[in-house]
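1. sharing a sequence plus its predicted fold:
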Amino acid sequence: TNKLQLGEIQFSEPLLNEVYDRRIFELKFPTGSNLSTRTSKDLMYKLVMKKISKYKKDEWKRTQKINLRKSMDKIKYERFLNKFVVSIFDFPYYMRLRSNYRDFSFIDCVSKQETTRYFVAYYEFTKNFHNALMRLSKQLVKMRTQ
């Protein structure tokens, strides 16, 4: 995420180059936009990134045992939010974590076929993401050794 933020890594799809800070939690979306086929790619991406941000924040609060009723924990939480960043690099980790170790509430009322399509698409995404990063890694090694 840091290299993406600094522009050292860039994707050909401009949306994937976006890095969000704590302001992502303030974004508001029209009701039902996550279900509409007319939702723009840009808006859908922001919806996904806001959801990933929530997962990232919730995971941090869980692992740090944060209780926002305690003043010290509120201070820690504010520090976390001040340094908070999220990008496409967080997507594979938090979706894997969410689907493997938590509940499936984020896919309630979804048919088995749609769930299968989701996981096939998720698998393809992570495979392609991995392959792209491996190619980038090899290019960087090659550039350093020249």
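-> Alright, I've got the coordinates. Numbering: from 1, shown residues only.

2. identify the residue nearest the geometric centre of the chain.
-> F91 (3.3 Å; Cα atoms, centre = their mean).

3. over to Y20: give its phi and psi.
-> phi -110, psi 150 (degrees, to the nearest 10).

4. nearest spatial neighbour of it, skipping sequence neighbours?
-> In space, and not counting its chain neighbours, Y20 is closest to V86: 5.1 Å by Cβ to Cβ, 6 or more residues apart in numbering. (Glycine included, C-beta is placed from N, CA and C.)

5. what score does the one you found have for pLDDT?
-> At V86 the predicted local confidence, pLDDT, stands at 96.

6. the one 4 residues further on too?
-> Reported pLDDT at D90 in the predicted model: 90.

7. just checking, F29 touches L47?
-> Yes - with contact defined as Cβ atoms under 8 Å, F29 reaches L47; the gap is 5.9 Å.

8. tell me what the helix or strand where K51 lies is packed against?
-> In the assignment (DSSP states H and E), K51 maps to helix 41-63. In terms of contacts (3 or more Cβ pairs under 8 Å, 6 or more residues apart in numbering; DSSP states H and E), helix 41-63 is packed against helix 71-83, helix 90-101.
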